[in-house]
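# generate coordinates for the sequence data below:
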Amino acid sequence: MRGGVIPALRAGWAVWRREGLAGLRNRAARDDTTDYRAWVERYDTLDDAKREALGEAVRALHRRPVISVLVPVFNTPETYLRQMIESVRAQIYPHWELCIADDASTAPHVSAVLREYASGDARIKVMRRASNGHICAASNDALSMATGEFVALLDHDDVLPEHALCMVAMYLERNPTARMLYSDEDKLAPNGLRVEPYFKSDWNPALMLGQNMFSHLGVFETNLVREVGGFRPGFEGSQDHDLVLRCVERAGDGAVIHVPHVLYHWRMTAESTSARVDVKPYAREASVRSVAEHLVRTGFEADVRQLSPDSTMLRVTFAVPQPAPLVSIIIPTRDRAELLERCIESITTRTRYDAYEIIIVDNGSREKRALDLLARYERRPEINVLRIDAPFNYSALNNQAVARARGSILCLLNNDIEVISPDWLQTLVGYAALPQSGAVGAALWYPNDRLQHGGVLLGIGDVAGHLHHMLPRGARGYFGRAVLAQQLSAVSAACLVVRKALYEEVGGLDEEHLAVAFNDVDFCLKLGAAGYRNLYVPFAELYHHESASRGSDMTSSNAARFGKEAAWMHERWKSKVREDPFYNPNLALGGGAVFSLAFPPRVAQCG
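From the prediction side, this is the model:
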């Protein structure tokens, strides 16, 4: 009988660590393993007709580069070793070579199996090291045998689906300037089932600092790998992460292509980091060094540390420029003195960053308590009160405040926000000051410690919605994405930090078409269109009070306004609000839960 109590408990523990109690409840309601099994059978399983179609597609390619598959081997169990080799031999794409470097295995079957395969297929090249040098040395030896235009990295006990290299070649044909490609992946459970698919973001430099999102399957232009010196000894356990970062430094972000197909099956064994993190402590230390050294080489001053003691995921924070830039914190408000007072006092008593001014934009307060509070704040030197007695237009309120702002950095902030982390502002300013940064957003929590804002995803809720909404605090979300800094299409203006020059460059918030809804999404999309990167930084944490308890404000007039603004967003941004590059097309939009499987996917599978 397969399964049992212990595997179930382990699986439940893994879900709880990633997704918290809500994740366990969701899994109880729907079996993700069963869902993925059905998804694989329906959309990611080849029949003879699909194999023939892929073969014809390969023959029609104008460019058919040889792909050298690099495999360092050491004492691989015979069954796994044979399965790895057979998975390469079964490739529909015939233009490959398999370069295996045996790192002085002591198990006698390894040499025998390798000799057997090498003697039967000229595309299989084998060399044996005289002494054990660990994975970097063995990988470099495998690289030395490569004659292909591209190299693909494969671990000695993992397997490739039969269409893996075919899909790589097809994406190379579509993207002739690509020098690096990476795919989606899943894991191969001990019982042979495919589980835990990781459907990845398109290339995401900020996320790459926090985790090695590139591997697996990772494919590189061979000359590029050789130009940067191959695999660096001393980075064992994080050698692929280090290699990707050095290659991107040389090739540039535009040379990286994401292939949104599962092209790698990562075997779960007791020794593998796919099953356990604590088995390879040296990998955690190497991951910190690989990212820290990359940032030094690229000229950034940053602090890099493990997200937690048992994780290879990293927390990266950037130094604030010196002298520290003045930040203008802009807070629109109307009445609700208790909200505003809590917001202001949390800023002034908990924020470690000193270089700020506060601009309160009063939009026609009438309540005595609010008027008294505003009068008191007007007497404080760090606070300015701007009174605008006009119909509510969130965009116009902020734009007028920006015109008065003295700071080179802006922070748009709701009046129902309360500071949690004292370093929230310096963290956001550190990211916002980076040359390529656009808008930078924080993690916003409901008072019950459920996530209100973990970044904005395009395509849900008609136009956009929040990632990881209602995730419990302490949970990591989908493959760590709730707790890692990353590029996203948009972030919420409930707490948004941006350079004033960029705000003015793209025209600020659209007060003509988007008085209330979607103005922050539109603003972020304008920044993205201008070449800037919008970032979600979860290390800056704040409470967002009012939204947790406020009822619907969808009166008939408001509903009409909302519909008009949504229609305008679709007209202006068209396909951009239907397909988010930072959310995989194999994951659900519409009525499905965020990060659940798409039935069907929005990309044709298996070619």
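
# SS state for the residue nearest the centre of the chain?
In the chain, the C-alpha nearest the mean C-alpha coordinate belongs to L207, at 4.6 Å (C-alpha atoms, centre = their mean). Following DSSP: H, G, I helix; E, B strand; the rest coil, we place L207 in the helix state.

# quick one, what contacts it?
Going by C-beta atoms under 8 Å, 6 or more residues apart in numbering, L207 touches 201, 213, 481, 484-487. Yep, even glycine has a C-beta here, placed from its N, CA and C like the rest.

# just put those residues in TSV and tack on pLDDT, secondary structure and neighbour count.
Formatted as TSV, the contacts of L207 follow (pLDDT from 0 to 100; DSSP: H, G, I helix; E, B strand; the rest coil; neighbours: other C-beta atoms under 10 Å):
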residue	pLDDT	secondary structure	neighbour count
S201	98	coil	20
M213	98	coil	23
R481	98	coil	28
L484	99	coil	26
A485	99	coil	23
Q486	99	strand	28
Q487	99	strand	24
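
# closest to S311 among these?
L484 (10.2 Å; C-beta to C-beta).

# wait, the closest one touches M208, no?
No. Between L484 and M208 there is no contact under C-beta atoms under 8 Å: 9.9 Å.

# thinking again about what came up before, reformat the contacts of L207 as a markdown table; add distance to L143.
Converted to a markdown table, the contacts of L207 look like this (distance: C-beta to C-beta, whole Å):
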| residue | distance to L143 |
| --- | --- |
| S201 | 28 |
| M213 | 22 |
| R481 | 32 |
| L484 | 30 |
| A485 | 32 |
| Q486 | 30 |
| Q487 | 30 |
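
# CA atoms only for the helix or strand harbouring A560 - export them in PDB, please.
Using DSSP states H and E, the element containing A560 is helix 556-573. The C-alpha trace of helix 556-573 is given here as PDB (Å, rounded to 0.1, in the frame of the first residue of the first chain):
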ATOM      1  CA  SER A 556     -25.200  52.200  -7.500                       C
ATOM      2  CA  SER A 557     -23.200  55.400  -8.300                       C
ATOM      3  CA  ASN A 558     -20.000  53.900  -6.900                       C
ATOM      4  CA  ALA A 559     -20.600  50.700  -8.800                       C
ATOM      5  CA  ALA A 560     -21.100  52.600 -12.000                       C
ATOM      6  CA  ARG A 561     -17.900  54.600 -11.400                       C
ATOM      7  CA  PHE A 562     -16.000  51.400 -10.600                       C
ATOM      8  CA  GLY A 563     -17.200  49.800 -13.800                       C
ATOM      9  CA  LYS A 564     -16.200  52.800 -15.800                       C
ATOM     10  CA  GLU A 565     -12.700  52.800 -14.400                       C
ATOM     11  CA  ALA A 566     -12.300  49.100 -14.900                       C
ATOM     12  CA  ALA A 567     -13.400  49.500 -18.500                       C
ATOM     13  CA  TRP A 568     -10.900  52.300 -19.000                       C
ATOM     14  CA  MET A 569      -8.100  50.100 -17.600                       C
ATOM     15  CA  HIS A 570      -8.900  47.400 -20.100                       C
ATOM     16  CA  GLU A 571      -9.100  49.900 -22.900                       C
ATOM     17  CA  ARG A 572      -5.800  51.500 -22.000                       C
ATOM     18  CA  TRP A 573      -3.700  48.400 -21.100                       C
END
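
# for V419, list each beta-bridge partner.
Note on V419: beta-bridge partners L542, judged by DSSP bridges.

# residue contacts, it?
With C-beta under 8 Å, 6+ apart, V419 has these contacts: 346-347, 350-351, 542-543.

# nearest to P447 among those residues?
Once C-beta to C-beta is applied, the member of the contacts of V419 that ends up nearest P447 is Y543, at 5.8 Å.

# and the closest one, what's its pLDDT?
If you check Y543, the pLDDT there is 98.

# just checking, it touches I417?
Yes. The criterion here is C-beta under 8 Å, and Y543 meets it with I417 at 6.9 Å.

# those two: which has the busier surroundings?
Per other C-beta atoms under 10 Å, whichever of Y543 and I417 has more neighbours is I417, with 24 against 20.

# got any residues that touch both of Y543 and I417?
By C-beta under 8 Å, 6+ apart, Y543 and I417 have these common neighbours: L444.

# tell me if I'm right that P581 and S489 touch.
Yes. P581 lies in contact with S489 (C-beta under 8 Å); the separation is 7.0 Å.

# neighbour count: the two, which is higher?
Using other C-beta under 10 Å as the criterion, P581 and S489 rank with S489 on top: 23 against 17.

# for that one, give me its contacts.
Counting by C-beta under 8 Å, 6+ apart, S489 touches 456-458, 464, 521, 524-525, 528, 534, 576, 580-582.

# show me where pLDDT drops low in the stretch 501-607 of the chain?
The model of the stretch 501-607 of the chain has pLDDT under 70 over residues 547-555, 591-592, 606-607.

# any idea which element A101 lies in?
strand 96-102.

# identify all contacting residues around that strand.
By C-beta under 8 Å, 6+ apart, strand 96-102 touches 66-74, 85, 88-89, 110-111, 114, 121, 123-129, 138-139, 141-143, 145-148, 165.

# how many other residues sit next to the closest residue to L373 other than its chain neighbours?
Closest residue in space to L373, ignoring its immediate chain neighbours: A337 at 4.7 Å, by C-beta to C-beta, 6 or more residues apart in numbering. A337 has 18 neighbours, counted by other C-beta under 10 Å.

# isn't A337 right up against E367?
Yes. Contact criterion C-beta under 8 Å: A337 and E367 qualify, at 6.7 Å.

# which stretches of the stretch 201-350 of the chain form strands?
Using DSSP state E, counting those that start in this stretch, the strands of the stretch 201-350 of the chain run over 218-221, 256-267, 302-306, 314-318, 327-333.

# how about the third one: buried residues?
Spelled out, that is strand 302-306. 302, 304 (16 or more other C-beta atoms under 10 Å).

# just checking, what packs against it?
Here strand 302-306 touches helix 281-297, strand 314-318, going by 3 or more C-beta pairs under 8 Å, 6 or more residues apart in numbering; DSSP states H and E.

# would you mind finding the most buried of those?
Most buried of these, by mean neighbour count (mean count of other C-beta atoms under 10 Å): strand 314-318, with a mean of 21.

# quick one, strands of the stretch 1-150 of the chain?
67-73, 96-102, 124-128, 150-153.

# mind putting those strands into JSON lines with mean pLDDT?
Below are these laid out as JSON lines (pLDDT from 0 to 100):
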{"stretch": "strand 67-73", "mean pLDDT": "99"}
{"stretch": "strand 96-102", "mean pLDDT": "99"}
{"stretch": "strand 124-128", "mean pLDDT": "99"}
{"stretch": "strand 150-153", "mean pLDDT": "99"}
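
# for stretch 243-254, the distance to its chain's centre please.
Here the centre of stretch 243-254 is set off from its chain's centre by 17 Å, with C-alpha atoms, centre = their mean, to the nearest Å.

# which of the residues in it are classified as buried?
Of all the residues in stretch 243-254, those buried under the rule 16+ other C-beta under 10 Å are 243-248, 251.
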